[in-house]
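Novice: Following is a predicted model, sequence given first.
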Amino acid sequence: MDPVLFQGLVKEWLTLAFMFTFFAWVMYVAATTIRRRQQNAMQRHLLDKFSSAKDFADFVQSPAGQKYVMSFSDAVSSPRNSIINSVKTGIVLIFLGSGVLGGAGVGPTHISSVFFILGNVLVCVGVGFLVSALVAHFMVKKMGSGEKV
C-alpha cells in the first residue's frame, strides 16, 4: 500500500475519532449538568413542602428523613464515590486528549502543534486523575474506613 495514501487514511480515521470523542464529551457534560439540575430542583421542591421548621425536624427524625439526609452525607464524604468520580473523570480526559491528539495531524502546522500540546496535556491530566484514584483506593484500604471500597 502506498505510504502517502496510508498516512492520509490514518489522518482521516484519527480526525473521525477526535470528532466522536469530542461529541461524547459534550454529551457527558450535558447529561451531568441536567442530572445535577434535576437533583437540585427535586431537593428544593421537597424543602418547599415544609411549612415550618418543626415539620422539617419531624421529617428528619423519621426513618425516611434519616435515609434522605444520609444520602447527602454518603454522596459528599464517601471514599468510594470520590474514587469512582476520579476514575470517570480520568477516563473521559484520556479519551478527550487522545481525540485531540488525533486531530493534531490535520490542518496547518501551527494549529497542529497546538492540538498536539493540548492533547498531551489532557492525556496527562486524565492519567493524573487515574493515578490519584488508585492512590486514594489504596489509602482507604490501608486506613480501613469501615466502608467497603
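Specialist: All right, it came through fine.
Novice: Name all residues that make contact with Leu101.
Specialist: By Cβ atoms under 8 Å, 6 or more residues apart in numbering, the residues touching Leu101 are 14, 115-116, 119-120, 123. Glycine gets a C-beta too; all of them are placed from N, C-alpha and C.
Novice: Least confident of those?
Specialist: For the contacts of Leu101, the least confidently modelled position is Leu14, at 70, judged by pLDDT.
Novice: Give the next helix or strand downstream of the helix or strand hosting that one.
Specialist: In this structure, Leu14 is located in helix 3-48 according to DSSP states H and E. Tracing the chain C-terminally past helix 3-48 and defining elements by DSSP H and E, one meets helix 53-61 next.
Novice: average pLDDT for that following helix?
Specialist: If you average the pLDDT over helix 53-61, you get 81.
Novice: helices and strands around it, which ones?
Specialist: Contacting helix 53-61 under the criterion 3 or more Cβ pairs under 8 Å, 6 or more residues apart in numbering; DSSP states H and E are the following elements: helix 63-77.
Novice: mind listing what's buried in the host helix or strand of Ser98?
Specialist: Element membership of Ser98 [criterion: DSSP H and E] is helix 79-102. When neighbours are counted by 16 or more other Cβ atoms under 10 Å, the buried residues of helix 79-102 are found to be 79, 82-83, 86-87, 89-90, 92-102.
Novice: So which elements touch whichever helix or strand comes after that helix?
Specialist: Following the chain from helix 79-102 toward its C-terminal end, the next helix or strand by DSSP H and E is helix 109-143. Applying 3+ Cβ pairs under 8 Å, 6+ apart, one finds that helix 109-143 contacts helix 79-102.
Novice: 10 Å - rerun?
Specialist: Contact here means 3 or more Cβ pairs under 10 Å, 6 or more residues apart in numbering; DSSP states H and E; on that basis helix 109-143 packs against helix 3-48, helix 79-102.
Novice: Output those as JSON lines; include the columns distance to Val60.
Specialist: Supplementary listing: the helices and strands packed on helix 109-143 in JSON lines, determined by distance: least, Cβ to Cβ, whole Å:
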{"stretch": "helix 3-48", "distance to Val60": "11"}
{"stretch": "helix 79-102", "distance to Val60": "22"}
